[in-house]
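1. using only what follows, build the 3D model:
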Amino acid sequence: MKIEMPTAAGDGIHRRGLEDSKIESARKFLYESSDDDSFASNISSNDNFPVNVTASMPQRTGYGGRRGTTNLSGANIHEEEKPEPSRYQRCCNTLFYRGKSRNGRDSMKKICALMVITIVLVFGLVVMNTARKNGNGIFAMHNNANNANDGRGSSSGGKTHGKLKGNRQEKFHQLIVEEEISSAEDLDTPGSAQALALEWVAHHDGAKLKPEDPQTVQRYALAVLFYATAGTNELENAADAGHWMESLNWLSKKGICAWSGVTCEGDLPDNVEKDASDKNLDHHGFVERLELTELGLMGDLPAELAALTRLYKLDLSKNDLKGTIPKEFAQLTGLRELLLSHNLLTGVLFEGFGDLTNLRHLILGNNRLTGEIPDHMARHLTELRSLSLEGNDLTGEVPDLEQLTKITNFNVQDNQLTGRFPTSITKLTNLVQLNLGRNHLTGTFPEEMMELTALEKLLLREMNLHGTIPDELFTRVTRLTELGLSNNKLSGTIPSSVGKLKDLHGFFIGQNKLTGSIPRQVGLMADLTILEVQGNKLSGSIPNLVSALNGLEIFSAARNHLTGTIPPEVGQMHRLQSFFVENNKLTGGVPTEMGKLHALKQCRIYDNRLDGEIPDEVCELIDDEDLVFLGADCGHKFTCDCCTKCY
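-> Residues are numbered from 1 along each chain as shown. So this is what the prediction gives:
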C-alpha cells in the first residue's frame, strides 16, 4: 500500500487555514467585545467581516456572570476579569491584524503608538493653556498649596497671598475690576482692605451670594469700608475684632439692611420704632442711607462707597477718617446729603462735586481741607440748601454764589479766605444762617444785608469790616436769634431798633469802635441770654431796663467809658452767671441786691472808681461756693475782705 505524503502546497493550505481561523477568531473577539455598536458596525462594514459574528464566536460566563476572555484559537481562558478595551485599543487591535505580515503588524503598532503620543501631547497642551488663562486647574491648585505652605492664607490674620483662590474668588475679582469698583492692584495687595473684603465675600460671607447677584457689589463695598476703618484683618467674626463702637450685624450672614447704620429702600423711617427681631430687615436691598456717626472710624475714606449707586445720604461725621474725599464720589449722582464733618480729611474740593446736581446738604466742616472753593460748585449745585465748610484751611476768594438761590445755610467760618466781602450773598434771600467769621475778608458792612429778611443767624466775627450798622437792619431783619459782629472795625452807634429783635439770644458786638450809649431798648429783648458790648467806646450809664432781661446769663460791658453807678436792679437778673464791667468809670458802691444773684459765678468790677466795701450779702455768695471769682480794687477807698483777687 502506498502512502502519500502531504505536498508542500497542501501543507501551506493547511497552515493558512489555521492562521485564517485564528484571525477570524480575533476579529470576532474584537468586535464582539465592543460596547460601541456603531463603531463596530462601521469597522466590520469596511472590512467585509461576517455579519453574524456572535453566532460563530465561542462564549463563556466568567466571574460575576460576565463574559470571559477568549484566546485566538477560540478556547476559553479561566482568569480574572480584565477591563474591556477602549475605542483606541480596539482601533489599534484592528490595525494590527489587518497587516498581511508580521512586518506589517509591527509597522501598525508603531503608527498606533505615535498616534497615542500625539493625542496625549495635544490634550496636555490644551489643558495647560486653559489653566494659564483662567488661573485654575493645576496652577490654581499649586498656588493654593503655596498659600497654605507659606502661612499667608485666610487662617493667619486674614492675609492673602495675592493669588486668586479658586473659581469663586476669581469671578468676584473679575466682576469688581470690570465694574471699576476697585483696581486689580488693590485687590492683589495682601492685607489691603480690598483684598480682605474680596476674600471675605468670596469665602467667609455666610450669605453666600453669587457673583452675579446685584447685591454682591454693595456687600463688597461695605466690607471694604469696614476693613479700611475698623483696624482689623480678621475674616471670621470680624465685627467683634474691630474698634468700631457699634458694629451690630456687620460682616455677618444677615442681609446688609440689618447692619447697623444701614437703611435700604422700603425700610421703616427713623421716626418709627423698629423691632430688632423683625425679619423684614434681614434682606439684601439697595442701600439708601449710610449713617455711622461718632463710631470711632479710623483710616482712609474708601472710594468703593461709590458702588452704592442708590445712596442719597452718607453721614460719616465725627470720626477720625483721613485722606482725601474720593473723586469717585462724583458718580453718586443721586446723593442728596454728604456729611463728613469733624474728621481729619485733607486735599481740595475737586471739580467733580459739580456733578452732584441733586445735592441738598454738603457738610464738610472741621477737617483739614485746602485750596479754593471751586466756582463750579456755585454754578452747578443749584439745589443746595446747606454748604458748610467751616474750620478748614481754604484760601482764595468766596466765589459768586448768586446761582444758589435755594441755599439756607452758608458757613465758611475759620478759614483763610481773602478778598472783598462777597456782595452776591446779599441776593440769597432764602438764607437763614450766614457765617463768614474768622476770615480775612474786607470791605464795608453792606446795607443790602437788610434784604435778607429770613436770616436767623448773622455771624461776621473777626473780619476787617468797617463802616456803620444800618439803622434799618433791625427793623427788617427781625427774626435774628444770634448776631455776631465782634472783632471788626465798625463805627457809629448801636441802632435803637435793636429792641425789635425779640427772638435774639446772643448779641455779640464787642471789640469794635462803636460810640454812644447802650440803648435802653436792649431791655426789650426778652429772650436775650448773652449781651457782649465790651471793647468799644461806649459812654453813659448802664440802663436800668437791663433788669428786665430775666434770662440774661452773661453781661459784658468791660473796657468802655461807662459812667454812673451799678444799678440795684441788677439784683433782679436771677440767672446772671457773669458780670463784667471792669475798666470803666463807674462810681458809687456795690448794691446789696447783688447778694440775691445765687447763680453768679464770676464778678469783675476792678479798674473803676467805686468806693465803700463789698456787702456781706455778696461775700456770703463766696462762702456758699457759688461765686468763684470776685475781683475788685482793694484800697483805701474800697475795701473787700472776701475778694478772690484784689487789683
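2. measure the nearest residue to residue 375 once chain neighbours are set aside to residue 446 for me?
-> The shortest distance from residue 375 to any non-neighbouring residue, by CB to CB, 6 or more residues apart in numbering, is to residue 399 (4.7 Å). No exception for glycine: its C-beta is placed from N, CA and C like everyone else's. Per CB to CB, to the nearest Å, residue 399 is found 17 Å from residue 446.
3. ok, back up a step: residues near the residue nearest to residue 375, how many?
-> 18 (other CB atoms under 10 Å).
4. doesn't residue 378 make contact with it?
-> Yes: contact criterion CB atoms under 8 Å: residue 399 and residue 378 qualify, at 4.6 Å.
5. so what's residue 441 bridging to?
-> For residue 441, the beta-bridge partners are residue 419 (DSSP bridges).
6. can you tell me how far it is from residue 462?
-> 10 Å.
7. again with residue 517
-> From residue 517 to residue 462 the distance is 25 Å (CB to CB).
8. and if you look at residue 336?
-> Counting by CB to CB, the gap from residue 336 to residue 462 is 33 Å.
9. do residue 550 as well
-> Applying CB to CB, the value for residue 550 to residue 462 is 31 Å.
10. more neighbours: which of these two?
-> residue 462 (18 against 13).
11. helix, strand, or coil at residue 379?
-> The three-state assignment at residue 379 reads helix, by DSSP: H, G, I helix; E, B strand; the rest coil.
12. tell me how many other residues surround it.
-> Residues within reach of residue 379, counting by other CB under 10 Å, total 15.
13. what's the closest non-adjacent residue to it?
-> Spatial nearest neighbour of residue 379, excluding adjacent residues (CB to CB, 6+ apart): residue 403 at 5.6 Å.
14. which residues in the stretch 401-550 of the chain form helices?
-> Ranges of helices in the stretch 401-550 of the chain, per DSSP state H, counting those that start in this stretch, are 473-476.
15. kindly report the same for the chain.
-> 8-32, 37-47, 87-98, 102-134, 137-149, 166-178, 184-187, 193-199, 216-229, 238-241, 375-380, 473-476, 616-623 (DSSP state H).
16. so which elements touch the last one?
-> Here helix 616-623 is seen to pack against no other helix or strand when contacts are counted using 3 or more CB pairs under 8 Å, 6 or more residues apart in numbering; DSSP states H and E.
17. what's the mean pLDDT across that helix?
-> Mean pLDDT, helix 616-623: 92.
18. what does that helix rub up against?
-> The contact list for helix 616-623, computed with CB atoms under 8 Å, 6 or more residues apart in numbering, reads 590, 592, 594-598, 600, 603, 627-628, 630, 641-642, 644.
19. chain center to stretch 340-352: distance?
-> 13 Å (CA atoms, centre = their mean, to the nearest Å).
20. report the buried residues of it.
-> The neighbour-count check on stretch 340-352 (16 or more other CB atoms under 10 Å) flags 340, 341, 342, 343, 345, 349, 350, 352 as buried.
21. next: stretch 252-269.
-> 252, 254, 255, 256, 257, 258, 259, 261, 262, 263, 264, 267.
22. do stretch 414-428 as well
-> 414, 415, 417, 421, 422, 425, 426, 427, 428.
23. so the fourth one sits against residue 467, correct?
-> No: Residue 421 sits out of contact with residue 467 when judged by CB under 8 Å, with a separation of 10.1 Å.
24. give me the common contacts of these two.
-> Contact criterion CB under 8 Å, 6+ apart; residues bridging residue 421 and residue 467 by contacting each: residue 444.
25. before we move on, back to that, biggest separation within the buried residues of stretch 414-428, which pair?
-> Of all pairs drawn from the buried residues of stretch 414-428, the widest gap by CB to CB lies between 414 and 427 and measures 24.5 Å.
26. mind listing what residue 346 touches?
-> Going by CB under 8 Å, 6+ apart, the list of residues near residue 346 reads 322, 323, 324, 367, 368, 369, 370.
27. among the residues you listed, name the buried ones.
-> The buried subset of the contacts of residue 346 (16+ other CB under 10 Å) comprises 322, 323, 367, 369.
28. would you confirm that the first one contacts residue 300?
-> Yes: shown here, residue 322 and residue 300 form a contact pair, counting by CB under 8 Å, at 6.1 Å.
29. could you find the closest non-adjacent residue to residue 216?
-> residue 209 is the one closest to residue 216 (CB to CB, 6+ apart), at 4.9 Å.
30. how close does the one you found sit to residue 224?
-> Residue 209 is 16 Å from residue 224, by CB to CB.
31. before we move on, what about residue 471?
-> Residue 471 is 59 Å from residue 224, by CB to CB.
32. more neighbours, those two?
-> residue 224 (27 against 14).
33. surely the more buried one touches residue 182?
-> Yes: counting by CB under 8 Å, residue 182 is a contact partner of residue 224 at 7.2 Å.
34. for these two, list the residues in contact with both.
-> 194, 304.
35. neighbours around residue 179, how many?
-> 11.
36. how much space between it and residue 307?
-> 7 Å.
37. same deal with residue 240?
-> From residue 240 to residue 307 the distance is 25 Å (CB to CB).
38. ok, now residue 336?
-> Residue 336 is 18 Å from residue 307, by CB to CB.
39. higher neighbour count, these two?
-> residue 307 (24 against 19).
40. where does the nearest residue to residue 300 once chain neighbours are set aside land on pLDDT?
-> Leaving aside its sequence neighbours, residue 300 sits nearest to residue 323 (CB to CB, 6+ apart; 3.6 Å). The model reports residue 323 with a pLDDT of 95.
41. quick check: which ranges of the stretch 101-250 of the chain have low pLDDT?
-> Within the stretch 101-250 of the chain, the ranges that satisfy pLDDT under 70 run 101-110, 112, 126-166.
42. could I get the contacts of residue 346 in CSV, plus columns for distance to residue 494?
-> Shown next, in CSV, are the contacts of residue 346 (distance: CB to CB, whole Å):
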residue, distance to residue 494
322, 45
323, 47
324, 46
367, 37
368, 38
369, 37
370, 38
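43. show me what residue 604 is bridged to.
-> With DSSP bridges as the rule, residue 604 is bridged to residue 580, residue 631.
44. can you pull the contacts of it?
-> 558, 579, 580, 581, 582, 629, 631 are the contacts of residue 604 under CB under 8 Å, 6+ apart.
45. ok, now with 6 Å
-> The neighbours of residue 604, taking CB atoms under 6 Å, 6 or more residues apart in numbering as the test, are 580, 582, 631.
46. outline the domain layout of the chain.
-> Listed domain ranges for the chain are 28-98, 147-286, 288-539, 563-647 (source: automatic domain parsing).
47. could the ones you listed go into TSV alongside distance to residue 125?
-> Formatted as TSV, the domains of the chain follow (distance: least, CB to CB, whole Å):
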stretch	distance to residue 125
domain 28-98	19
domain 147-286	22
domain 288-539	40
domain 563-647	89
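48. nearest to residue 118, out of those?
-> Closest among these, once you apply CB to CB, is domain 28-98, at 11.8 Å.
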